[in-house]
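Engineer: Any chance you could fold what I've pasted below:
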Amino acid sequence: QQQNLKIFNFTKNIMISAVALATGAAAFNGPAVVSGPIRTPAVHMMDLEGLKTQAKALNPVVGYWDPLNLGSGEFWGDSNEATIGFLREAEIKHGRVAMAGFVGYIVHANDIRFPWKIPGDVPTGISPQALWDAIPEAAKWQIILTVGFFEFWRENAYVLAEDGEKHYMRGGKPGYFPTFDQLPHPVPFNLFDPFGFSKNATPEKKAKGLLVEVNNGRLAMIGLMGFLSESKVPGSVPALSGLVKPYSGEVMAPFDANFHIFS
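Structural biologist: Okay, here's the model as predicted:
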């Protein structure tokens, strides 16, 4: 038990350090001194009219729909163009997470597991949410710290500048994820386009692909929330009635079962 306490305190300190690093990522948005040839970042600032045009391209039927008037805002006292960059990045990021989560939910709900043994006793026949509750605490830390690193890497102005890019609120491309070229240890693949399938794609093809990605992300967000709703309130999503395993825990408090930072 004393050994487990030492491991917990060690991982907790790592988490606190990672959070402090991530929350300080804004400090990396200033000018950085870089070595070697400097690539000039391309500017892709979009105004409200551009956002409306893109909305029409995404869904000609619905078009631009913004009941909360977020697209006209100036978040944190910044410009409207910067705010639109933030909103576009947020939607793309949430869509990507939802697409991964949608597929992951189906995989775990059907008890698909790695063929090799992993640490801990991972049960079958339960909902994906209950599976999260059941995995070892160390596994939860690994997942959260990895996602925290991705967030830090995405926001780092030095890393972006080395890739010839800028922050999405400063004219950079929303949805762009930097390469891992600046890591001290070689990494075989990048997170974005690891096999280089879109490396030589035309700008027109890339623009169309982004529209497809955003639409797929929107659908995945709806689908994932449908899974969660049906598992918590059986019958709330008639199309999924009887297909989704129920879950009695708290889906909006995923650390509630056995995961506590300050205990």
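
Engineer: hang on, isn't W65 packed against A55?
Structural biologist: Yes - the criterion here is C-beta atoms under 8 Å, and W65 meets it with A55 at 7.3 Å. Bear in mind the C-beta positions are built from the backbone N, C-alpha and C, glycine included.

Engineer: Who has more neighbours out of these two?
Structural biologist: Just comparing W65 and A55: by other C-beta atoms under 10 Å the higher neighbour count belongs to A55, 17 against 8.

Engineer: In terms of pLDDT, where does the more buried one sit?
Structural biologist: In this model, A55 is scored at 95, pLDDT.

Engineer: Show me where the stretch 1-150 of the chain has its helices.
Structural biologist: Using DSSP state H, counting those that start in this stretch, the helices assigned to the stretch 1-150 of the chain run over residues 2-23, 48-58, 80-109, 128-134, 137-155.

Engineer: wait, which of those is closest to D193?
Structural biologist: helix 80-109 (12.8 Å; C-beta to C-beta).

Engineer: Low-confidence ranges, this protein, go.
Structural biologist: Where the chain drops to pLDDT under 70, the residues are 1-44, 119-121, 254-263.

Engineer: mind redoing it with 90?
Structural biologist: Scanning the chain for pLDDT under 90 picks out the ranges 1-45, 113-124, 131-141, 185-188, 191-201, 203, 206-207, 248-263.

Engineer: Correct me if wrong: I135 contacts P128.
Structural biologist: No - I135 is beyond contact range of P128, at 10.9 Å (criterion: C-beta under 8 Å).

Engineer: Quick check: phi and psi on G209?
Structural biologist: The phi and psi torsions at G209 (degrees, to the nearest 10) take the values phi -60, psi -40.

Engineer: Could you find the closest non-adjacent residue to it?
Structural biologist: Nearest residue to G209 in three dimensions, chain neighbours excluded: S198, at 6.9 Å (C-beta to C-beta, 6 or more residues apart in numbering).

Engineer: contacting residues for the one you found?
Structural biologist: With contact set as C-beta atoms under 8 Å, 6 or more residues apart in numbering, S198 has these partners: 205-206, 209.

Engineer: of all those residues, which comes closest to N156?
Structural biologist: Distance to N156 across those (C-beta to C-beta) is lowest for K206, with 23.2 Å.

Engineer: what's the helix or strand for the closest one?
Structural biologist: Per DSSP states H and E: K206 is located in helix 203-232.

Engineer: Would you indicate which residues of that helix are buried?
Structural biologist: Buried positions in helix 203-232, judged by neighbour count with 16 or more other C-beta atoms under 10 Å: 210, 214, 217-218, 220-221, 223-224, 226-232.

Engineer: What of stretch 59-75?
Structural biologist: Using 16+ other C-beta under 10 Å as the test for burial, stretch 59-75 gives G71.

Engineer: Show me the contact partners of that stretch.
Structural biologist: Residues outside stretch 59-75 that contact it (C-beta under 8 Å, 6+ apart): 48, 51-52, 55-56, 80, 82-84, 86-87, 215.

Engineer: And those residues, which of them are buried?
Structural biologist: Neighbour-count burial (16+ other C-beta under 10 Å) is assigned, among the contacts of stretch 59-75, to 51, 55, 80, 82-84, 86-87.

Engineer: Now do stretch 244-251: distance to the chain's middle.
Structural biologist: Distance, stretch centre to chain centre, for stretch 244-251: 23 Å (C-alpha atoms, centre = their mean, to the nearest Å).

Engineer: returning to that earlier point: save the helices of the stretch 1-150 of the chain as JSON lines, and put in distance to G164 too.
Structural biologist: Formatted as JSON lines, these follow (distance: least, C-beta to C-beta, whole Å):
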{"stretch": "helix 2-23", "distance to G164": "24"}
{"stretch": "helix 48-58", "distance to G164": "22"}
{"stretch": "helix 80-109", "distance to G164": "17"}
{"stretch": "helix 128-134", "distance to G164": "38"}
{"stretch": "helix 137-155", "distance to G164": "15"}
